[in-house]
Each structure stands twice: as C-alpha cells, then as structure tokens.
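Student: coords below, sequence missing:
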C-alpha cells in the first residue's frame, strides 16, 4: 500500500492545504519504507490531489481536510485518515500498530459528532 503524509517540517500539517511536503511511503508486511517526497510551496489542494493520484497513493494521513477535498480523494479510492496530528515517526509507528486513533487532534475524540461533520453538533 502506498501511504502519503501531508507534512509541514517534521510533523503532519494541521491543515492539508498548508502542507509543504507530501511524504510517500510503502507499507508491506508490517513495515514501512520511504518512497519519496514532493514539495509544494503554494497553498491549495488541487496540485496536491493531482500528485497523489499520479503517484498511486492509496491512503492519505493528514490534519484538517475540507469536505470537498475529502470527497474528491474518496472518488479516486484514496482512504483518508484526517484530523490526525503528530511528528512523522509517531504517525508511521501508529500506522504500523493500527493505533492512529490515538493521534486524533484535540477536540476530535468524539469524531462522530464533531470532526466528521462539524455542522452536526447536537
């Protein structure tokens, strides 16, 4: 599986559109290996989405992500683990141990009502 981390410096970017680098990894047989990276000095998501599709990314791990961008990624069969935080190694370790839920951003512990649909706060 090809995994992409949307990063800023050595951490996940808190907002996908502000990620300066997309770091690619392959995940096979319980281990992760680096598969390259791409830098994006501009803001916005269209160039990042196009790059992920062209590289065959199957999973994106990122911070906050707008609903439209998430839908586009889903339409291209890219699994999205959004609302995550942490440094790169912490995120990779969490993916290996299947504990990425521990990296949810503060306030997103009840992802069902707040982070998946922020307009539904009842």
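Tutor: Received the coordinates, thanks. As the structure is a prediction and not an experimental result, all values here were calculated from the model.
Student: Please name every helix or strand in contact with the helix or strand harbouring residue 95.
Tutor: Assigned by DSSP states H and E, residue 95 falls within helix 88-96. When contacts are defined as 3 or more Cβ pairs under 8 Å, 6 or more residues apart in numbering; DSSP states H and E, helix 88-96 sits against strand 2-8, strand 11-12, strand 21-28, strand 31-39. Heads up, the C-betas are built off the backbone N, CA and C, glycines and all.
Student: quick one: strands adjacent to the longest one?
Tutor: Right, the one you point to is strand 31-39. For strand 31-39, sheet partners with direction are given as strand 21-28 (antiparallel), following DSSP bridges.
Student: and the strand it pairs with with helix 88-96, angle?
Tutor: 30 degrees (axes from the mean of the first three to the mean of the last three Cα atoms, to 10 degrees).
Student: related to what we said a few turns ago, buried residues, the helix holding residue 95. List them.
Tutor: 88, 91-92, 94-95 (16 or more other Cβ atoms under 10 Å).
Student: what about that helix, average pLDDT?
Tutor: On average, the pLDDT along helix 88-96 is 95.
Student: what's the answer for stretch 17-28, then?
Tutor: Mean pLDDT, taken over the full extent of stretch 17-28, equals 94.
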